[in-house]
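In: Sequence and predicted structure are below.
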Amino acid sequence: MDTGSVRPAVTELRLSAFKTHRGITLPLGPLTLLSGESGSGKSSALQAYEILARLGSGESLTRAVRDVAGSASACVPAGSRPDEQGRRGFRIGCTIDGPAGPVDLDLAVQAEPELRIVGERLTGGGETLLTTALTDPTRPAVQAAWHTAGTTPVTRAPLPDDRLGTSLLPLRVAGKTEGQRLVLAAAEQVVVALRSAFVCDPRPEVMRGTRAAMAAGAVGAGGTGGRAKKAGTGKAAGKGAATTTAGSWGTRARTGSGGGGEAGRWGRDADDVHDEGRLRTSCDNLPAVLERTSKECARRHAVLVAAVREACAGPVDGLRAVPRQPDQPVEVAAAVPSPAAPGAPGAPAGGGRSGSGAQRTGQGAVAEERRLQAVVDRGTLGEMPIEQLGDGELRFVALALVLLTGPGVLAMDPAGEIPSAQQQMTVMADGMDRCMDRRQARELVSLAVRMAERGHVRLLGTVRDPSVADGLPGVQVLHLGA
């Protein structure tokens with residue numbers, strides 16, 4: 001089979017032992033919706049995918065699981081008993097299809113008494129490409145063995161037990177033998193697919209700028225949608241390569257992910273996010289992004305307006321960002337979280353920008369964003385601030401904008417060393433139809449169908465009402481708990 005044109009994508013998610021799931025395999029297509037009763041494990045499946053995506057992006061295991069309610073211990077299957085050493089854990093994995101063919105990645109994670117990756121297995125091309133095992137519990141490392149197929153069939157070396165070994169292979173494997181090149185191709189394929197995920201959770205209360213939500217840290221540089229620049233993959237690893245994001249929106253050149261940067265930073269630095277006008281996970285900076293996208297591609301913006309017209313009550317002749325009126329308050333102080341304490345998640349690493357400096361820059365950027373206001377052109381009825389839309393309408397606008405854009409407009413950083421034409425972005429939307437009526441949800445899924453046909457966007461979401469996808473081509477609905 002000619003796989004030269006295949007873009008890397010996660011095509012299967014395995015929940016071998018994760019929360020309520022045991023021995024579950026979920027096939028993932030370009031458009032996959034999960035449905036089921038409350039407690040059936042829909043959100044848990046997306047959490048497992050997100051953990052893999054964070055690890056593939058270079059995150060530490062601690063940061064990869066920190067957003068799971070109850071932390072890593074909550075990922076352990078209910079009723080799981082500890083072994084003689086008091087250890088419990090969970091197992092997840094995935095299959096990534098791409099130019100290297102199907103590649104399987106499986107992880108065994110120890111959650112108690114201490115968090116660590118105790119086993120990893122990467123297979124592809126009929127070979128076991130990487131295995132890791134915990135051989136000395138007193139050391140923060142696992143013993144790794146990867147395929148070489150040279151004079152020495154296998155290369156062995158220790159790897160840290162808090163990182164995905166597969167993501168470290170491009171920096172450890174020379175690529176001199178056929179076996180090493182197979183390992184590099186498979187590892188690169190996995191990293192590209194996992195790094196191309198964007199978690200989208202539009203929060204109407206944050207989009208409206210309510211002080212309570214802002215003070216709680218809802219607005220920030222971090223979040224599960226943005227990634228820090230990581231060490232590169234393949235031959236370009238360690239080099240700062242200028243890349244351009246494909247697509248009509250987001251064609252701004254950006255520096256590739258060189259070997260520098262802080263390891264374990266899923267969220268981009270506050271000033272980077274604000275300065276680049278990229279949409280964050282909570283979509284709180286929607287006006288600033290709308291201003292940018294409306295100027296960069298009138299055609300895509302027209303498609304967005306047409307979709308909003310179908311989903312919203314009342315006339316919709318346009319959607320744009322305008323300067324906020326002087327008499328309208330601009331809540332800035334509450335919008336910027338205080339700098340994290342040294343050593344805490346989100347705190348700058350050694351040699352990084354000082355917290356106070358980053359905060360000042362972030363405050364100025366947020367102030368600039370908050371001077372803009374998104375409005376809906378109601379034709380003869382005049383303009384209406386977008387904050388006055390209903391919760392479902394606000395979520396629709398934000399999700400539709402995400403589906404119509406790409407990595408250059410979203411707070412994420414996919415592999416810069418791989419041409420964007422060879423990548424696919426996966427949008428992850430838990431509770432995708434939350435607050436929406438059936439008409440709005442169906443229009444959103446229809447828009448996803450149209451965008452997925454282009455081959456650059458995939459969608460994995462959870463829905464309450466699976467019937468919103470009835471009759472739509474290419475949509476796969478998986479019923480959990482049935």
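Out: Great, that's in hand.
In: Do you have the strands of the stretch 301-450 of the chain handy? List them.
Out: Assigned by DSSP state E, counting those that start in this stretch, the strands in the stretch 301-450 of the chain fall at 318-323, 372-377, 383-385, 425-429.
In: for these, which one sits closest to residue 57?
Out: Distance to residue 57, taken as Cβ to Cβ, is lowest for strand 425-429 among the strands of the stretch 301-450 of the chain, at 12.6 Å. Yep, even glycine has a C-beta here, placed from its N, CA and C like the rest.
In: ok, residue 180 to residue 321 distance?
Out: Going from residue 180 to residue 321 by Cβ to Cβ, to the nearest Å gives 50 Å.
In: rewinding a little: hey, which of the strands of the stretch 301-450 of the chain is tucked in deepest?
Out: strand 425-429 (a mean of 24; mean count of other Cβ atoms under 10 Å).
In: What average pLDDT does that strand get?
Out: For strand 425-429, mean pLDDT rounds to 95.
In: cool, and stretch 449-460?
Out: pLDDT averaged over stretch 449-460 gives 92.
In: Can you mark which positions in that stretch are buried?
Out: 449, 451, 452, 456, 457, 458, 459, 460 (16 or more other Cβ atoms under 10 Å).
In: Who are the contact partners of the last one?
Out: It stands for residue 460. 28, 32, 34, 46, 49, 426, 427, 428, 429 (Cβ atoms under 8 Å, 6 or more residues apart in numbering).
In: about what we covered before: with secondary structure and distance to residue 284 added, can I get the buried residues of stretch 449-460 in a markdown table?
Out: A markdown table is the format used below for those (DSSP: H, G, I helix; E, B strand; the rest coil; distance: Cβ to Cβ, whole Å):
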| residue | secondary structure | distance to residue 284 |
| --- | --- | --- |
| 449 | helix | 28 |
| 451 | helix | 23 |
| 452 | helix | 26 |
| 456 | coil | 25 |
| 457 | strand | 22 |
| 458 | strand | 25 |
| 459 | strand | 22 |
| 460 | strand | 23 |
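In: Between which two of those residues is the distance greatest?
Out: Taking Cβ to Cβ, the two most distant members of those are 456 and 460; they sit 15.1 Å apart.
In: Spatially nearest residue to residue 26, not counting backbone neighbours?
Out: Closest residue in space to residue 26, ignoring its immediate chain neighbours: residue 13 at 4.5 Å, by Cβ to Cβ, 6 or more residues apart in numbering.
In: element containing the one you found, please.
Out: Using DSSP states H and E, residue 13 maps to strand 9-18.
In: Can you tell me the SS state at residue 67?
Out: Secondary structure state of residue 67, per DSSP: H, G, I helix; E, B strand; the rest coil, is coil.
In: how much space between it and residue 50?
Out: Following Cβ to Cβ, the distance that separates residue 67 from residue 50 is 8 Å.
In: of those two, who's got more company?
Out: Ranked by neighbour count (other Cβ atoms under 10 Å), residue 67 and residue 50 place residue 50 first, with 21 against 16.
In: Just to be sure, the more buried one is in a helix?
Out: Yes. Assessed with three-state DSSP, residue 50 lies in a helix.
In: Quick one: residues contacting it.
Out: Per Cβ under 8 Å, 6+ apart, neighbours of residue 50: 64, 67, 197, 199, 224, 428.
In: Touching stretch 177-192 from outside, list them.
Out: 8, 56-57, 96, 98-100, 103, 105, 122, 124-125, 127, 129-130, 146-150, 153, 166-167, 169-170, 173-175, 233-234, 414-415, 418, 422-423.
In: can you rerun that using 6 Å?
Out: Residues outside stretch 177-192 that contact it (Cβ atoms under 6 Å, 6 or more residues apart in numbering) are 8, 56, 96, 98, 100, 103, 105, 124-125, 129, 146-150, 166-167, 169-170, 173-175, 233-234, 415, 418.
In: Let me know the helix or strand that residue 53 is in.
Out: Applying DSSP H and E, one finds residue 53 within helix 42-56.
In: and the angle for that helix with strand 425-429?
Out: 140 degrees (axes from the mean of the first three to the mean of the last three Cα atoms, to 10 degrees).
In: Out of the contacts of residue 50, which is nearest to residue 157?
Out: Distances from residue 157 to these, taken by Cβ to Cβ, are shortest for residue 64, at 22.6 Å.
In: Spit out the contact partners of the closest one.
Out: By Cβ under 6 Å, 6+ apart, the contact set of residue 64 is 51, 54, 55.
In: Out of those, the closest to residue 81 would be?
Out: residue 51 (22.7 Å).
In: Residue 80 touches residue 88, doesn't it?
Out: Yes. If you go by Cβ atoms under 6 Å, residue 80 and residue 88 touch, sitting 5.3 Å apart.
In: Local confidence estimate at the closest residue to residue 469 other than its chain neighbours?
Out: Computed as Cβ to Cβ, 6+ apart, the closest residue to residue 469 that is not its neighbour in sequence is residue 475, at 4.2 Å. According to the prediction, residue 475 has pLDDT 97.
In: and if you look at the one 5 residues further on?
Out: At residue 480, the model reports a pLDDT of 94.
In: how much space between the closest residue to it other than its chain neighbours and residue 21?
Out: Leaving out its chain neighbours, the residue that sits closest to residue 480 by Cβ to Cβ, 6+ apart is residue 36, at 3.7 Å. Counting by Cβ to Cβ, the separation of residue 36 from residue 21 is 12 Å.
In: hmm, which of the contacts of stretch 177-192 are the buried ones?
Out: Of the contacts of stretch 177-192, these count as buried by 16+ other Cβ under 10 Å: 8, 56, 96, 98, 100, 103, 105, 124, 129, 146-148, 166-167, 169-170, 173, 233-234, 415, 418.
In: SS state for the residue positioned nearest the centre of the chain?
Out: When Cα atoms, centre = their mean is applied to the chain, the residue found nearest the centroid is residue 198 (2.9 Å). Following three-state DSSP, residue 198 is assigned to strand.
In: Identify the bridge partners of it.
Out: Residue 198 has the following beta-bridge partners by DSSP bridges: residue 427.
In: right, and it touches residue 412 too?
Out: Yes. Taking Cβ under 6 Å as the definition, residue 198 is a contact partner of residue 412 at 5.0 Å.
In: that older thread, the residue nearest to residue 480 is in contact with residue 481, isn't it?
Out: Yes. Taking Cβ under 6 Å as the definition, residue 36 is a contact partner of residue 481 at 4.4 Å.
In: between these two, which one's more packed in?
Out: It is residue 36, of residue 36 and residue 481, that has more neighbours when counted by other Cβ under 10 Å, with 18 against 13.
In: how far away is the more buried one from residue 113?
Out: Counting by Cβ to Cβ, the gap from residue 36 to residue 113 is 33 Å.
In: so who does residue 8 touch?
Out: Counting by Cβ under 6 Å, 6+ apart, residue 8 has contacts 96, 98, 189, 192, 193.
In: Could you tell me the per-residue confidence at it?
Out: pLDDT, read off for residue 8, is 92.
In: now do residue 149
Out: pLDDT, read off for residue 149, is 85.
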